[in-house]
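>>> this is a predicted model, with the sequence first.
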Amino acid sequence: MGCPNWKWLLVEKRRQPAVGKPLDVPWLYAKLRQEVLMPSILSETPIESEIREAQLRPGPVWTSFEQFRVAGPGGPESVVGGQVGTLQTKAGVFRLLRDEDFQALVGLASEARRLQGGLSTIVHAVNVIRDHPSSPSAVELLLHLASVYGAANASLPTQSSDLAPAVEDDEVIVDAAELKRRARKG
Amino acid sequence: MSSAATPDSPDAYQEFFARLEQQLAALSHTDEAALAIETAVTQRFKKTAQRQLAFAQPNTTCVEPIFYSDAFASGAIQADEDQFTLLQGDIVSTEAAYLMGQRVIGNPMFAVLNSTCDLVPGRRKYSSLLRVFPVAGDGDTLKSTLHNLLSFRSRRDLYLPPLPNEDVSTLGYAIRFDGVAQIRLEDLLLAKRLCSLSLVGWRIFGSFARFLISRAGDGEAGLRAKLSSQSSS
């Protein structure tokens, strides 16, 4: 599922509580959890999959800087993706990890900081619904917020469709190895 | 005690701003730099392959990341100048950037759009990035892509050759001047640096960046001039 099925939920919400009756808050919460919050914020976004990917495992341990130094380049190389190496020195304990794992952690930290604000806004919207349970616009606000803060995905490169064709007598190098080889000759 | 500022006559103001506009006309909105790139490359190298070979020469436009410590040790920068962690135009990889409110993941590459002086820690809160895509495709599509990129006619994408010492073989990259991603400066400073730009690479990048931010369509100056003369009469 690419995005939360909030339109369906809106329809269901209108069906469920009879007109004039207070909104069934537990029902709404369950639906939100099932249809919007859980899929979008906790499951559908790359966040949960990243958390799985970013689960770091213990890696090699060096109990002194001397031990680390003697290991040479093989030391850091032995820290594979997903692992955290530990270097214990007199100055303190240092952790060693691959750059792709580090970038994933920085990205997650950034996302978490962003979601902190989003969740707080959603909590405010929930409070509005608690105070005004029969307000459809309050429910729509909550659903909207959930969908806004729940959406996050990767932007992938796309091929341009408005490219002018290469002219017929043009010469183009389409092999990366050939480009490298011929460039060296220059 | 200084006297309170008194307004000049409306005509004096009008004259001042008219003169300022004339001074800026040849400076603020010009595409001469981008045109110079296109003309220089297409006149000197007739075929795409020749252009590919020219840009693939080591250290022409892309160089190994430039570090402050090396620059300082070589005397290229003085002790009283700002210490830098990143430079404008650096190609970086980070998963902490957002495009249209969505975080971009999957080891994406970006070019740093901000001027270097804005990248000093603490000087700004946010930075702007442009997405960088590897050149990809098959057959005629790939040829068309390379032909277009290396003609420098489109100002939407700027060609970059394969980066220095990269592991994966590629035919090059495109910096996309369409859609600006945002990132907190503190996160950007932790990004993985892939390459910096040489002096000419930086000039080319700056020419495209300027074209992105301020360029004038054929009739825009006339349109504005006419509207302001109507409103003042």
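Structure received.
>>> C-alpha only now, for contacts and for neighbours.
Fine.
>>> quickly find the element holding residue B:176.
In this structure, residue B:176 sits in strand B:173-184 according to DSSP states H and E.
>>> may I see the buried residues of that strand?
Of all the residues in strand B:173-184, those buried under the rule 16 or more other Cα atoms under 10 Å in any protein chain shown are B:173, B:174, B:175, B:176, B:177, B:180, B:181, B:182, B:183, B:184.
>>> repeat for stretch A:71-78
residue A:75.
>>> end to end, how far does that stretch reach?
10 Å (Cα to Cα, to the nearest Å).
>>> one step back: from the middle of its chain, how far away would whichever helix or strand comes after the strand holding residue B:176 be?
Per DSSP H and E, strand B:173-184 leads on to helix B:185-188 as the next helix or strand towards the C-terminus. Remark: helix B:185-188 is offset 19 Å from the chain centroid, using Cα atoms, centre = their mean, to the nearest Å.
>>> tell me if helix B:185-188 is near chain A.
Yes - using Cα under 8 Å from any Cα of the partner chain, we find that helix B:185-188 touches chain A at residue B:187.
>>> so what touches that helix?
With Cα atoms under 8 Å, 6 or more residues apart in numbering or on different chains as the test, helix B:185-188 has contacts from A:106, A:110, B:94, B:96, B:119, B:121, B:122, B:124, B:125, B:126, B:127.
>>> looking at this, residue B:163 is in a helix?
No - with DSSP: H, G, I helix; E, B strand; the rest coil as the criterion, residue B:163 is coil rather than part of a helix.
>>> tell me the contacts of it?
Contacts of residue B:163 (Cα under 8 Å, 6+ apart): B:62, B:63, B:172, B:194, B:195.
>>> highest neighbour count among these?
Ranked by the number of neighbours (other Cα atoms under 10 Å in any protein chain shown), those place residue B:62 first, at 27 neighbours.
>>> contacting residues for that one?
B:160, B:161, B:163, B:164, B:195, B:196, B:197, B:198, B:201.
>>> residues in contact with residue B:207?
B:31, B:33, B:34.
>>> of these, which is the nearest to chain A?
The closest of the contacts of residue B:207 to chain A turns out to be residue B:34 (Cα to the nearest Cα; 19.3 Å).
>>> let me see the contact set for the spatially most central residue of chain B.
Nearest to the geometric centre of chain B sits residue B:209, at 3.2 Å (Cα atoms, centre = their mean). By Cα under 8 Å, 6+ apart, the contact list for residue B:209 reads B:113, B:177.
>>> so it, which of the three states?
Quick answer, by three-state DSSP: residue B:209 is helix.
>>> what's the neighbour count on residue 114?
Answering for chain A, as no chain was given. By the measure other Cα under 10 Å, the count of residues near residue A:114 is 14.
>>> sorry, should have said chain B
18.
>>> before we move on, back to that, just checking, what packs against the strand holding residue B:176?
strand B:98-99, strand B:126-134, strand B:157-160, helix B:199-213 (3 or more Cα pairs under 8 Å, 6 or more residues apart in numbering or on different chains; DSSP states H and E).
>>> where in chain B is pLDDT low?
B:1-3, B:167, B:233 (pLDDT under 70).
>>> what do you get if the cut-off is 90, keeping everything else the same?
B:1-18, B:20-35, B:79-83, B:99-107, B:121-123, B:136-141, B:153-156, B:164-170, B:210-233 (pLDDT under 90).
>>> for chain A, what's its nearest residue on it.
For chain B, Cα to the nearest Cα, closest residue to chain A: residue B:96, 4.1 Å.
>>> could you count how many residues lie near that residue?
Applying other Cα under 10 Å, I find that residue B:96 has 27 neighbouring residues.
>>> does it touch residue A:113 like I think?
No - look at residue B:96 against residue A:113 with Cα atoms under 8 Å: they stay out of range, at 10.9 Å.
>>> before we move on, the earlier item: how close does the residue of chain B closest to chain A sit to residue B:190?
10 Å.
>>> contacting residues around the strand holding residue B:176?
Applying Cα under 8 Å, 6+ apart, the set of residues contacting strand B:173-184 is B:96-100, B:110-111, B:125-135, B:149, B:155-162, B:208-209, B:212.
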